[in-house]
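Visitor: I'd like to go over a predicted model; first the sequence, then the structure.
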Protein chains: 2
Amino acid sequence: MKKQSVTLVQVAKKAGVSVMTASRAMSGEGYVSEDTKARVQEAAKALGYAPNALARVMKGGRTNVIGVVVNDLSSVVVNAFVSALTEEVRKYEMDLFIYNSIGQLDEQTQRRHSQLLHGLWDGLIYVLPRMTDEYLHELEKSASPIVLVNFCRRDTTLPVVQGDNFNAARDAVAGLIAQGHQRIAFIKGTHWTGQSAERERGYRQAMADAGLHIDKQWIEQGTYSEQSGQEAAQRLLALAERPTAIFCANDEMAIGCMNAARALNLQVPDDLSLIGFDDVTAASIVRPQLTTMRHPLPLMAQAAVQELMRRILGQPGTRQRVEFPAEMVVRESTAPIAGITKRRTRKA
Amino acid sequence: MKKQSVTLVQVAKKAGVSVMTASRAMSGEGYVSEDTKARVQEAAKALGYAPNALARVMKGGRTNVIGVVVNDLSSVVVNAFVSALTEEVRKYEMDLFIYNSIGQLDEQTQRRHSQLLHGLWDGLIYVLPRMTDEYLHELEKSASPIVLVNFCRRDTTLPVVQGDNFNAARDAVAGLIAQGHQRIAFIKGTHWTGQSAERERGYRQAMADAGLHIDKQWIEQGTYSEQSGQEAAQRLLALAERPTAIFCANDEMAIGCMNAARALNLQVPDDLSLIGFDDVTAASIVRPQLTTMRHPLPLMAQAAVQELMRRILGQPGTRQRVEFPAEMVVRESTAPIAGITKRRTRKA
DNA sequence: ATGAAAGCGCTAACAT
DNA sequence: ATGTTAGCGCTTTCAT
C-alpha cells in the first residue's frame, strides 16, 4: 500500500543512462560529464528521487550517525546532556539520533532495541543507562563501539564517562559542616544508575571525616521526584531533634524539601539549609535559589563523543573510565547554622 | 578497522545448516525442527550474532520506526510533546527516533537530513518545523508519510496537527479585557513557525472585538527568550501611559516581564497583569505563578501518530488539518485592573 | 523440514 | 566518460 519510493534504476532509465552513471551523478564521486550529470539530476528531481540510506550503508560504509539511548528525555539533566552531545557530534560531521527508552527495563524490549540499533549507527552512547546485568554483558560483546555515561557500577569493560559523584557529595556536605551544621540529613534517589549510592558514600565520608555520627533516621529514601522529597522532609522535620541541613540526591527533591519547610513555617536557609544536585533549571528559579552541585555536562559530552569517535575510527581508546569533578553552585538555600550569628553579621 | 560483525552465514556454517534454516531458526518463522533451532541459536549466541536490521528492512519490510524531527529539544514544550509521542507510538508497537535539527536552517543541511532519514523510517513527524519553502515542497513530493505539528502556515498539502493559537490568544486577551484592562501590550516571538503571528492575530481580534484601539508602541518584538521579554517589558513600562497588562507569545518572555516589573518595584498582578503561552514547567514555579495558555499536547500527539499510522498502513487520511483548542490556566499573574477594588474585596 | 536461487537499492572494482 | 559485474545480509519464493 505504501507508495513505492523511487529508485536509482528508474532515475537512470528516465535519464537514459546506466544505473552506475546515475549513482555517480548523484553522489558526485567519480567522473561524469557535466551534461549527463545535469540530465540525471533533472530526472531525479522530476521523479522525486531520494537515495535509500539503508542500501548505501549496506555496502559497508559508515552511517555517520551516532545513536544516544536515554532513559528519560524529560529529565532536565539528560536533556541538557543530549543538547551538549548534539553540538559536540557536529564537530565530527556526524549526526545524532536519540532513542528515548523511558522506563523500559525488561530484557526482551531491550534486546529488541539493541537489534534495532545494530547496524544503523556507527556508535552508541548510553546516558544514565538502566540495564540488567545480562543486557550489559551483551553490550560488552557487541561489535559496535559503545560509551556509557554516568554509569556508576564498577563492573563493566565498556568505556565510561562520568561525573565524580562521590567527591561532589563529600564537598557539599563538608561545606555544610564548615558552616557549623552537625545534624545533616540525606535523601537518596532510586538505585538504578548507582549515582545515588555514590552520593551517599560521599555524604558518609564527609560526616566521618568530621567525626560526626549519623543518626539512622537522617537517611531517607526518595525517588528523585519533588513529591518524594517533600514527603521525606516532612518525616525529617518531624524528628525530635530535627536536622539543620538536608543534602538531597537531586534538585527536585531539594525543592520538595523547600515546600515542606514552607508548610511548617520554617525559613530556608535560616532554619534549614538545603543542597541539591544537578543544577536543574528550576534550581535558579525557586526562591530562595537552590545551592547545588553541577556536573560539567559539556565537558562530559565532549569526552564521550571523543572516546566514541576513537573507537569508530579504530584508534585506541584512551582510558576506560574518565571522571569529571563537579562544581559547587552556591546560591541562597545554604547558610551558617547560627541564625543569630548571621543576623549579627548583617548588622555589622 | 571496525570489528566485523557476525553474519547469518557464519552462524549457519557453525551450526552446519543452510543460511535459510538459520534465518528461520532465528526469526521463528516457518518450520524448523526444535533440534536444529536449538543448535542454531546456540551457535548464534556463541558467536555473538546480532541480526542486521538494515538488511532485514531492505527486503521491503517496515522498520517499525517513526522519526520525529524537532528544532530545539531543550524547549520545554517540544520536550513534553516528544514525551507524549513516545508514549503514543508504543500503542502501535512502533519505536520513536528523535532528531534534533537545532537551528540548522540552511537548505543543504536539511536536504542531507531528509536523505539520511529516508528509508530508516516508516514515517516522519516534524514538530514546529522551521523550513524553507523549497524544502517544504520537497517533503510534499516525498513518498514516505509525513505529518507536521504546529506548522501554522496555511500553504501545504501535508497533514497538519496543531493547536488553535488564534482563538487561544483571543481568549487570553478577552479575559484581560473582561478584567477591565484596556492598555494591553503584546510581545511577539520569532516568525519561523507562524505561531507568533497567529497569536498576534488573536490579540488584535480581541482588541477589535472590544472596540479598543491598539497603540503601535504596545507591540514589541521578542525572540521567545526570557531576556528578550525582559527588555521588551522595560520599554513598555517606560511608556508615559504604561500598559496595565502584557500578553506574551510564550511563557519565558512573560517571566522576563516579571523580572522587569520587579526591578521597577511594580507588583504583579496588582500593577501589571501577565499572561504567557505554553504552560512551561517554570510557569508554576515562579512567584507569582504565571497565568498561561496550554495546548493539549497529549491529544495532539495522539492525533499526529494516528494520522501518520493511517498513512503508513495505507488507509485514507482523515482531515488534512486538525486543530485543537487550548486551555486557559489561570494562576496568580492576572487580576482585575483596579488594585483598590481587589484589596477591598480581600477585606470583605 | 530443509535448501537453492533470486533480489531488495546501492556502490566498489573492474572493464570498455 | 560510461557500462558491467558482483555483492552487502537478509528473507521470500519455489523447489526438494
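Guide: Nice, I can see it.
Visitor: give me the neighbour count for whatever residue of the stretch 51-200 of chain A ends up closest to DNA strand D.
Guide: DNA strand D sits closest to A:Met58 of the stretch 51-200 of chain A, with a gap of 3.9 Å, by Cβ to the nearest atom of the strand. In short, each C-beta sits where N, CA and C put it, glycine included. Residues contacting A:Met58 under the criterion other Cβ atoms under 10 Å in any protein chain shown number 15.
Visitor: residues contacting it?
Guide: By Cβ atoms under 8 Å, 6 or more residues apart in numbering or on different chains, the contact list for A:Met58 reads B:54-55, B:58.
Visitor: tell me the pLDDT at it?
Guide: Here, the pLDDT recorded for A:Met58 equals 77.
Visitor: next one, pLDDT for A:His295 please.
Guide: The model reports A:His295 with a pLDDT of 97.
Visitor: go on, the one 4 residues further on?
Guide: At A:Leu299, the model reports a pLDDT of 97.
Visitor: dihedrals phi and psi, A:Thr21?
Guide: The phi/psi pair for A:Thr21 (degrees, to the nearest 10) reads phi -60, psi -40.
Visitor: same question but for A:Ala282, I mixed them up
Guide: Backbone torsions of A:Ala282, given as degrees, to the nearest 10, read phi -60, psi -20.
Visitor: and the one 10 residues further on, by the same measure?
Guide: For A:Thr292, the backbone dihedrals (degrees, to the nearest 10) come out as phi -160, psi 170.
Visitor: might you report the residue contacts of the residue lying closest to it once chain neighbours are set aside?
Guide: The shortest distance from A:Thr292 to any non-neighbouring residue, by Cβ to Cβ, 6 or more residues apart in numbering or on different chains, is to A:Gly276 (4.2 Å). Shown in contact with A:Gly276 (Cβ under 8 Å, 6+ apart): A:248, A:250-255, A:283, A:290-293, A:333.
Visitor: among the residues you listed, which ones are in strands?
Guide: With DSSP state E as the criterion, strands contain A:248, A:291-293 from among these.
Visitor: closest to B:Leu136 out of the residues you listed?
Guide: Taking Cβ to Cβ as the measure, B:Leu136 lies nearest A:Thr292 of these, at 43.2 Å.
Visitor: in chain A, which spans are strands?
Guide: A:65-70, A:95-100, A:123-127, A:146-149, A:160-163, A:184-188, A:219-221, A:245-248, A:273-277, A:291-294, A:321-324, A:327-329.
Visitor: got CSV for these, with distance to A:Ala210 too?
Guide: Shown next, in CSV, are the strands of chain A (distance: least, Cβ to Cβ, whole Å):
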stretch, distance to A:Ala210
strand A:65-70, 37
strand A:95-100, 42
strand A:123-127, 34
strand A:146-149, 32
strand A:160-163, 24
strand A:184-188, 10
strand A:219-221, 17
strand A:245-248, 13
strand A:273-277, 15
strand A:291-294, 18
strand A:321-324, 24
strand A:327-329, 17
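Visitor: among those, which is nearest DNA strand C?
Guide: When the strands of chain A are compared by Cβ to the nearest atom of the strand, strand A:65-70 sits nearest DNA strand C, at 15.5 Å.
Visitor: average pLDDT for that closest one?
Guide: On average, strand A:65-70 scores 90.
Visitor: list the helices and strands that strand packs on?
Guide: With contacts taken as 3 or more Cβ pairs under 8 Å, 6 or more residues apart in numbering or on different chains; DSSP states H and E, strand A:65-70 sits against helix A:76-90, strand A:95-100, helix A:107-117, strand A:123-127.
Visitor: try it again with 6 Å
Guide: helix A:76-90, strand A:95-100, strand A:123-127 (3 or more Cβ pairs under 6 Å, 6 or more residues apart in numbering or on different chains; DSSP states H and E).
Visitor: which of those is buried the deepest?
Guide: Ranked by mean neighbour count, those are led by strand A:123-127 with a mean of 25 (mean count of other Cβ atoms under 10 Å in any protein chain shown).
Visitor: how big is the angle separating it from strand A:65-70?
Guide: 20 degrees (axes from the mean of the first three to the mean of the last three Cα atoms, to 10 degrees).
Visitor: what about the residue lying closest to A:Tyr49 once chain neighbours are set aside, neighbour count?
Guide: Spatial nearest neighbour of A:Tyr49, chain neighbours left out: A:Val6 (4.4 Å); criterion: Cβ to Cβ, 6+ apart. Per other Cβ under 10 Å, the neighbour tally for A:Val6 reads 21.
Visitor: and if you look at A:Leu176?
Guide: With other Cβ under 10 Å as criterion, A:Leu176 counts 28.
Visitor: didn't it look like it was pressed against A:Ala245?
Guide: Yes: using Cβ atoms under 6 Å, A:Leu176 is in contact with A:Ala245, at 4.7 Å.
Visitor: who's in contact with A:Arg90?
Guide: If a contact means Cβ atoms under 6 Å, 6 or more residues apart in numbering or on different chains, then A:Arg90 has no contacts.
Visitor: before we move on, what about A:Asp155?
Guide: Listed by Cβ under 6 Å, 6+ apart, A:Asp155 has no contact partners.
Visitor: so, low pLDDT: which residues of the stretch 201-348 of chain A?
Guide: A:338-348 (pLDDT under 70).
Visitor: which residues of it lie near chain B?
Guide: With Cβ under 6 Å from any Cβ of the partner chain as the criterion, the stretch 201-348 of chain A comes near chain B at residues A:282, A:285, A:314.
Visitor: buried ones only from the residues you listed, please, as a PyMOL command.
Guide: Selecting only the buried entries of those in PyMOL, with 16 or more other Cβ atoms under 10 Å in any protein chain shown as the criterion:
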select buried, chain A and resi 282+285
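Visitor: now, among the residues of the stretch 201-348 of chain A next to chain B, which is nearest to chain B?
Guide: Checking those against chain B by Cβ to the nearest Cβ gives A:Gly314 as the nearest, at 2.6 Å.
Visitor: A:Met131 versus the most centrally placed residue in chain A, what's the distance?
Guide: Centroid-nearest residue in chain A, with Cα atoms, centre = their mean: A:Val78, separated by 3.7 Å. Distance of A:Val78 to A:Met131, computed by Cβ to Cβ, to the nearest Å: 15 Å.
Visitor: next: A:Lys91.
Guide: From A:Lys91 across to A:Met131, the span is 28 Å (Cβ to Cβ).
Visitor: so those two - more neighbours on which side?
Guide: When A:Lys91 and A:Met131 are compared for neighbours, A:Met131 comes out ahead with 24 against 11, by other Cβ under 10 Å.
Visitor: how close does the more buried one sit to A:Arg183?
Guide: For A:Met131 relative to A:Arg183 (Cβ to Cβ), the value is 37 Å.
Visitor: A:Gln10 now?
Guide: Distance from A:Gln10 to A:Arg183, counting by Cβ to Cβ: 76 Å.
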